[in-house]
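Asks: Mind looking at a prediction? Sequence and model below.
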Amino acid sequence: MVKRQTWAIIKLLLLKKTEHMLSKNFKFRGCTFFVKMMVVGFLKSSSCMFKSVTLAFSFLLVFYNHALSQSTSLKIRVDPNKTYGCKISDFFDQVEFIPLETNKKSLFGEAHQFIVTSKSFVIYDDDSKSVLFFSNDGKLISRVRIGEQTVSNITMDGEKQNIIVRSYNYNTNNESVDIYSPIGVKLGQAGKNKSAYPAGRKISLEDNFSAFVPDFSVPVGEPGVDTVYNLIQIYQKDKLIRSFLPYNQKKNLGFCTIGGALSVPNTADDRGNVYVSTPLEHFLYKISKDTAIKLGQFIFPADRSVSDDIIYSEDKNAVAKAFKKTSGIKTILDVSNVFFHKNLLFFKINTRQFTSFQGSEGVYLYNFVYDTSSGKAFSLERATIDSLSAYLPVLGNNSHVKGLVNYKGYIYSTLSSFQLFSAYDKLKSGNIKFPAVIEKYFATQNRKSNPVIVRMRIKG
């Protein structure tokens, strides 16, 4: 009699717990009756009390974990036209301007790639085929000339902060990998041979691990290969350890033709993670040396997106036709420069072509902050400059193309001297007190001087 009463109490408690757990997940409230019946079935399936309870709890735990993972998937709904404006001081509490030294040895064209370390600013200028190392106060430390007929890419070893320069010679198909200290001292050469993967990028993670991002694109009008490509490959030194995000070129022809590349940051965060978003689909992942965790999805307006029937189409003619429609500045192809700062998600959208026009319409907006707690999206292009930056601009014209760099709670951008002097001409007649470093810059430099680094500290 006592055992029956105990058994009845256990069943009642378990069913109550089932109902409570399901009620906390609104997406699954309609499944409450079904799941309760499944639990009852487990409880009746065996005469052994312990076995029945174990089975019921196991089923409930698996279902609940699945429900929780589904219900907590982040839906990042962003219509650039409807994003909020803001003030620079809404998200940042400090703005610094750091002019880069200008002389014959240090002069360069544009910061095509930009890396921040604890000891330096590292810039790759494709025009002069150079990697330049500047101190944190903007003084040139060293300059490395890369050979002509090369395409180079710079990344940072997240643990040692060494700079890895990968150069691919498109005439000889040779790839060289040179390693430099954060201040430009050459430490060695990782390899110099025929590249096994001539198109792609490697990002250093931690403990000799790196993430390789191959080029999985299919030329327009081609059918694609009926084979699976992994968008992320994890290496330990030169050994492939594991792969993530498999896609079949033939079955995902639109994805591989119109998307064609996965945008990745130059550096991993302090924990060895990188955040990536798949092109066209805009699924957001956190990548580490061990896992690829799907965090959610960016959702943009339909008129700025590519439809699923094209993304997953196998019809090369339909895909080629859709490809032509994605030319220009409207269709959002992918999301890059993704990072989190507490509840704030920073990111940049990319289109086939970019415009340097500074406007507030949706097609001229590229850099955003999404508040995951409120669901509001803010445009940094729409941000009003205020006294925090002495009313000087903080986003360079090339931020549309390159985006912003995140490093240890600060955001960095580069401003051309032309842009800064243009702003100064409009402000100098007013009663504005500029920081001393900028006063000296305006007094000694000109519109053709090297760019200026803007360093902004994120609030909190």
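Replies: Perfect, I can see it now. Numbers count the residues shown, from 1 in each chain.
Asks: going forward, measure contacts between C-alpha atoms and count neighbours the same way
Replies: OK.
Asks: Can you name the residues bridging to residue 410?
Replies: Judged by DSSP bridges, the bridge partners of residue 410 are residue 407, residue 457.
Asks: scratch that, residue 296
Replies: Under the criterion used here (DSSP bridges), residue 296 is bridged to residue 74, residue 284.
Asks: what do you get for residue 209?
Replies: Going by DSSP bridges, residue 209 is paired in beta bridges with residue 236.
Asks: which residues touch it?
Replies: Neighbour list for residue 209: 234-237, 289 [criterion: CA atoms under 8 Å, 6 or more residues apart in numbering].
Asks: Dig out what the residue nearest to residue 279 when sequence neighbours are not counted forms beta bridges with.
Replies: What sits nearest to residue 279 in space, not counting adjacent residues and going by CA to CA, 6 or more residues apart in numbering, is residue 334, at 4.4 Å. Beta-bridge partners for residue 334, by DSSP bridges, are residue 350.
Asks: ok, residue 334 to residue 442 distance?
Replies: Counting by CA to CA, to the nearest Å, the separation of residue 334 from residue 442 is 38 Å.
Asks: What about residue 147, how many residues nearby?
Replies: By other CA atoms under 10 Å, the residues close to residue 147 number 14.
Asks: Would you map the strands across the stretch 51-200 of the chain?
Replies: Secondary structure of the stretch 51-200 of the chain (DSSP state E, counting those that start in this stretch): strands located at 74-77, 92-99, 113-116, 120-125, 130-135, 140-145, 150-156, 163-169, 174-180, 186-194, 200-204.
Asks: Would you single out the least confident of those strands?
Replies: For those, mean pLDDT drops lowest on strand 186-194, to a mean of 68.
Asks: For the strands of the stretch 51-200 of the chain, could you give me JSON lines that also reports mean neighbour count?
Replies: Below are those laid out as JSON lines (neighbours: other CA atoms under 10 Å):
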{"stretch": "strand 74-77", "mean neighbour count": "17"}
{"stretch": "strand 92-99", "mean neighbour count": "18"}
{"stretch": "strand 113-116", "mean neighbour count": "21"}
{"stretch": "strand 120-125", "mean neighbour count": "24"}
{"stretch": "strand 130-135", "mean neighbour count": "22"}
{"stretch": "strand 140-145", "mean neighbour count": "17"}
{"stretch": "strand 150-156", "mean neighbour count": "21"}
{"stretch": "strand 163-169", "mean neighbour count": "22"}
{"stretch": "strand 174-180", "mean neighbour count": "19"}
{"stretch": "strand 186-194", "mean neighbour count": "13"}
{"stretch": "strand 200-204", "mean neighbour count": "22"}
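Asks: which residues touch the residue sitting nearest the centre point of the chain?
Replies: Nearest to the mean C-alpha position of the chain, by CA atoms, centre = their mean, lies residue 338 at 2.9 Å. Each residue near residue 338 by CA under 8 Å, 6+ apart is listed here: 265, 275-276, 345-348.
Asks: which of those residues lies closest to residue 222?
Replies: Of all these, residue 276 has the smallest distance to residue 222: 26.5 Å, by CA to CA.
Asks: Many thanks, I have nothing further to ask.
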